[in-house]
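In: Provided below for reference: sequence and predicted model.
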Amino acid sequence: MGPLFALVDVNNFYVSCERVFQPRLEGVPMVVLSNNDGCAVARSNEAKSFGIRMGVRWFKVRDLARQHGILAFSSNYTLYADMSNRVVSILREFCPDVEVYSIDESFLQVEAVLGLYGGPLSLGQQIKARIRDWTGLPVCVGFGPTKTLAKLANHLAKKNPEFNGVCDLPGLPEVALRDWMARTAVEEVWGVGPRTVPKLEAMGIRTVLDLRNAPPKAIRSRFGVVLERTCYELRGVSCLALEDAVAARQQIMVSRSFGRTVTTLEELSEAVATYAASAAEKLREQGSEAAAVHVFVLTNRFRPEEPQNNVGRLMALPDPSDDTLRLAKAALAGLRGIYRPGFAYKKAGVILGPLSPKAGRQQGLLTDTPVGVRGERLMDTIDTLNRRFGRGRLRTGASGTGRSWAMRAGNRTPRYTTHWEELPAIS
DNA sequence: TCTGGGGTCCTAGGACCC
DNA sequence: TCTGGGGTCCTAGGACCC
């Protein structure tokens, strides 16, 4: 027997997280907005039915929203990340082989545990029921012999009520499978993006079935090895393995648009120091060190009539480091090198990389510095306190205190599950 | 006025090595 | 008839994902 993959995906994840703590929102049309309240990034089914598209700029549909009583919430990533972790811990109880694919999706490789649950459909229903009971979140589950087919099964489960939230593709009769594939547009396939769709259509490939039946070699010569694999995956030949060991990131980026335009070096410095600290925290979390820091600033590219200054600088470090103070210092030095007065900056960011594991570090021959024990202990202390009291609670003075440049979030709900002072109250 | 923030992989071409 | 034959590393750009 070959592999069997399950894809578990939370429906309208951000919206569903908000509803868990405000049940009165159930059935109410609502969206969750991106950072700075710019775009709609999650929509309830009711909002979708009013024609609110994914990624639409919120000001463009604000009138429509007012008209229909569509509510809008700012992103509450602290809450969503915590809810995501809870879902994953439940999945790990069902099956040890879990790949956390995104904040709201996980792959499971289940063929070895299937016997414990009485088959795919039963396993899927148990997963769905337990996540609903223990977290309040609704999920759909799709099963397939490849990850691409599990994704497709999940899509079908989500769109078609007759599946009751669980679709077992291998359990369908061959005729039914062909029929579903023929009725599903090729753009729904995982790995087929907006650039590829028109090219495929020009070749007469419009549905999932068309792509499955296309000759893989021809697909490879036209599109490359990635889409060839997709083609094989649709035929049931597993080309993509479960990646259950979380690979260390190869680069870490932290960047934000500002809530308003920023012109002074002082304010840019606060932002860059803040982002560098946040990136350094992520770096230490995965046990890596960075050999260099890239810092960049951008003006508003949507206003070409204004003077543009989109520049960055790569600052090599004398030794790889995971120390917030060193990384921030390098980033700030880079910023001073690229900053020009007279521009209205809209965004800044910090990228750490190339990264290497801290454990395998080789001491430099010429640049050997004594191991910074005090620095290590300081970073440990900062991380411990911030884990306990919330990210950014303890930070360097360079990050500033006023921070009027911070992004807008006009309607953010409390961080119900991670902050003592924001616990939900029941009266 | 308003425009998110992260990531990954593959390919092609050039520089350079013996 | 002849223009060698392998390699690696790096970068930029393009595509994709959520």
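Out: Sure, I can see it.
In: How about the residues of chain A by DNA strand C?
Out: A:101-105, A:151, A:189-197 (C-beta under 7 Å from any atom of the strand). From N, CA and C alone the C-beta is placed, and that goes for glycine too.
In: could you redo the last one with a cut-off of 6 Å?
Out: A:102, A:104-105, A:190-196 (C-beta under 6 Å from any atom of the strand).
In: which residues of the stretch 51-200 of chain A fall in helices?
Out: In the stretch 51-200 of chain A, the segments counted as helices under DSSP state H, counting those that start in this stretch are A:58-68, A:77-94, A:114-117, A:120-135, A:147-159, A:174-183, A:196-202.
In: Go through the ones you listed and name the closest to DNA strand B.
Out: DNA strand B lies closest, by C-beta to the nearest atom of the strand, to one member of these: helix A:58-68, at 3.1 Å.
In: For that closest one, buried residues please.
Out: For helix A:58-68, the neighbour count (16 or more other C-beta atoms under 10 Å) marks A:58, A:61, A:65 as buried.
In: mind checking the SS state of the nearest residue to A:Glu105 once chain neighbours are set aside?
Out: Once flanking residues are discounted, A:Glu105 sits nearest to A:Asp9: 4.7 Å by C-beta to C-beta, 6 or more residues apart in numbering. What DSSP: H, G, I helix; E, B strand; the rest coil gives for A:Asp9 is strand.
In: hang on, the earlier thing: let me know the closest of the buried residues of helix A:58-68 to DNA strand C.
Out: Set against DNA strand C, the nearest of those by C-beta to the nearest atom of the strand is A:Trp58 (17.7 Å).
In: quick one: low-confidence parts of chain A?
Out: A:360-372 (pLDDT under 70).
In: Could you rerun that using 80?
Out: A:1, A:359-374, A:390-392, A:427 (pLDDT under 80).
In: The longest helix that chain A contains packs against which elements?
Out: The longest helix of chain A (DSSP state H) is helix A:265-285. Judged by 3 or more C-beta pairs under 8 Å, 6 or more residues apart in numbering; DSSP states H and E, helix A:265-285 is in contact with strand A:252-262, strand A:288-299, helix A:324-338, strand A:345-352, helix A:373-389.
In: picking up where we left off before, now render the residues of chain A next to DNA strand C as TSV, adding neighbour count and distance to A:Val226.
Out: Shown next, in TSV, are those (neighbours: other C-beta atoms under 10 Å; distance: C-beta to C-beta, whole Å):
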residue	neighbour count	distance to A:Val226
A:Ser102	9	18
A:Asp104	22	23
A:Glu105	18	19
A:Trp190	19	11
A:Gly191	17	6
A:Val192	20	10
A:Gly193	10	10
A:Pro194	7	15
A:Arg195	8	12
A:Thr196	20	10
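In: nearest to DNA strand B, of the residues you listed?
Out: A:Ser102 (7.5 Å).
In: Please tell me how far the closest one sits from A:Lys151.
Out: Distance from A:Ser102 to A:Lys151, counting by C-beta to C-beta, to the nearest Å: 12 Å.
In: re the thing from before, looking at the helices and strands packed on helix A:265-285, which one is packed in the most?
Out: strand A:345-352 (a mean of 24; mean count of other C-beta atoms under 10 Å).
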